[in-house]
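Trainee: I'll drop the sequence and a predicted model, then ask my questions.
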Amino acid sequence: MRVSYKGYLLSTLILSVIIGSIVSYSYGEEEKKTRWGFSILGGTGDAVLSKIDLKEYGFLPRVSLPLYRKWKHWDLEFEGNFFYYDIHKMHDLYFLGVGHNIVFKPIEEGWGSLFLLVGGGLGYDSAGKRLRRGEDPPLMGDQHFAGFCHGGAGMLFNISRGTALRVEYRFYHISEPFDTRDRGLNTHTVLFGISFR
């Protein structure tokens, strides 16, 4: 039986907008407030030096907190990571994990903010022994335990009281930390999301 991921993403988006419309009345970028939200992502790339095309899709629920009271331009984010990799002429790969981001917002105005972020995390991958081609080292190892790191930049744009749109770019690397033979997967990723208070 095939599961419709598009249906899940659409229903999650609608539910989040409904919940976000009833949260407290504050601007999307007001200081010292916990924010929550989610992003959907799409990306493309190839494994390191392998020329194997892939597409990446994902869903990231998140909670954002001020990193330190006196550092008003810094936030700490915790994210869930649900990724699907469609790898050309190879088996697909699923990843389920948790991660965190350190976010620096050098520009904050009434319309929103611009930000830079770095982060990483750990999780489960479905690779097994399926992501290898001939005698070449595998793209991912067979331990089902993967780590990832990323860096990027983006923008939060306030659209109403308590709600902000989030658009960002991230470069992702995912590999198995205890299998030094795997090449890992690298993707250029665009994320669209929404943030509530």
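Mentor: Arrived safely, thanks for sending. What you are looking at is a predicted structure, and each value in this text was computed from that prediction instead of being measured. Numbers count the residues shown, from 1 in each chain.
Trainee: Can you give me the distance of the residue nearest the centre of the chain to L114?
Mentor: The centre of the chain sits closest to L60, judged by Cα atoms, centre = their mean, with a distance of 5.1 Å. According to Cβ to Cβ, to the nearest Å, L60 stands 19 Å off from L114. For every residue, glycine as well, the C-beta is placed using N, CA and C.
Trainee: Assign the residue nearest to the centre of the chain to helix, strand or coil.
Mentor: Under DSSP: H, G, I helix; E, B strand; the rest coil, L60 falls in the strand class.
Trainee: Make sure it is actually in contact with G80.
Mentor: Yes: if you go by Cβ atoms under 8 Å, L60 and G80 touch, sitting 6.3 Å apart.
Trainee: list the contacts for D92?
Mentor: 84-86, 126 (Cβ atoms under 8 Å, 6 or more residues apart in numbering).
Trainee: Ignore what I typed, I meant G120.
Mentor: G120 neighbours (Cβ under 8 Å, 6+ apart): 99-100, 147-150.
Trainee: and the two most separated of those residues?
Mentor: The largest distance within these, taken as Cβ to Cβ, falls between H100 and G147 and amounts to 12.5 Å.
Trainee: any common contacting residues for these two?
Mentor: Counting by Cβ under 8 Å, 6+ apart, the residues touching both H100 and G147 are 120-121.
Trainee: re the thing from before, so what's the residue nearest to the centre of the chain bridging to?
Mentor: Beta-bridge partners of L60, counted by DSSP bridges, are S39.
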